[in-house]
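S.K.: what's the 3D shape of this:
(one chain, ligands or ions: 1)
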Amino acid sequence: MNIDEAREKLIVALDVESTEQALDLVEQLKPWAGMFKVGMQLFYSQGPAVIKDICRQGVKVFLDLKLHDIPNTVAQAVRVLTRLGVTMFNVHAAGGRAMMRAALESCGEESTALGIPRPLVVAVTVLTSIDQLAFNRELGLSGPVLDRVVAWALLAKECGLDGVVASAQEAAAIRQSCGPDFLIITPGIRPAGAAGGDQKRIVTPAGALAAGASRLVVGRPIIGAPEPVKAARAILSEMVVVVASSM
Ligand SMILES: O=c1ccn([C@@H]2O[C@H](COP(=O)(O)O)[C@@H](O)[C@H]2O)c(=O)[nH]1
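M.R.: Residues are numbered from 1 along each chain as shown. Modelled structure (predicted):
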């Protein structure tokens, strides 16, 4: 994999509170990242205007609001967010078939009406902060996390979604079940020796790519580093050594 391919696969999470902080990170990191993720902290603090501000920098945005509600409510929210011009957004697979289908249909209709490309729609499976013990004991769900993730990935695929968000620990199994074109977006990425923090199902950048991840979401290891550009470049260097045959 060359540096441009690696860069395209790196999504930097803009987990900051102000537009100024977000735009500063975008300015520094846009030569080194293929997409920037706006999550709840930045969106709830700055509102939809921050998406427009970031898009104006000529970069792609993944809006990570993890929509999860009844189908009609999600469909109406998706109609509005499609107007923001994001490249990708997500819903929770746990919202079920009707909700995922409603989200996809709504963004398809709205983007056609606006004459813009349809955003990619991906489904969050089991959060990467949940380990096997919490999955069984706290959430009260039976069986291995892996089985639930693959089952939700198959449901998302059946609904026509473009992919899923999952730990790279499940990437190989999802790839095998859902095929080569299904997007597998993997947060919980930690370079060797980096602090895991609240993340439980973590994988290194090279490990995630080798397992079949399509794109890697990285937040604190880059934006919390003393030199974010240096941290991003170190992650890209690790990614480029993964041989194409293992992906
Ligand atoms: O299962 C999930 C879904 C989303 N995320 C988001 O990704 C980033 C990860 O940030 P780090 O600082 O690299 O841990 C963060 O914005 C989460 O909201 C996730 O971690 N796991």
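
S.K.: What residue in this structure comes nearest to the ligand?
M.R.: Proximity of the chain to the ligand (CB to the nearest ligand atom) peaks at Gly219, 2.6 Å away. C-beta coordinates here come from the backbone N, C-alpha and C atoms, glycine included.

S.K.: give me every residue that touches the residue nearest to that residue when sequence neighbours are not counted.
M.R.: Among residues not flanking Gly219 along the chain, Ala13 sits closest, at 3.3 Å (CB to CB, 6 or more residues apart in numbering). Applying CB atoms under 8 Å, 6 or more residues apart in numbering to Ala13 gives the contacts Phe36, Lys37, Gly39, Asp64, Pro187, Val217, Val218, Gly219, Ile223.

S.K.: If you go by neighbour count, which of those residues are buried?
M.R.: Buried members of those, scored by 16 or more other CB atoms under 10 Å, are Phe36, Lys37, Gly39, Asp64, Pro187, Val217, Val218, Gly219, Ile223.

S.K.: Go through these and say which is closest to Val164.
M.R.: Proximity of the buried ones among the contacts of Ala13 to Val164 (CB to CB) peaks at Pro187, which lies at 11.5 Å.

S.K.: same for the longest helix seen in the chain, what does it pack against?
M.R.: If each helix of the chain is counted by residues according to DSSP state H, the longest one is helix 97-114. If contacts are counted by 3 or more CB pairs under 8 Å, 6 or more residues apart in numbering; DSSP states H and E, helix 97-114 sits against helix 71-82, strand 88-92, strand 120-124, helix 145-158.

S.K.: try 6 Å this time
M.R.: Applying 3 or more CB pairs under 6 Å, 6 or more residues apart in numbering; DSSP states H and E, we find helix 97-114 packed against helix 71-82.
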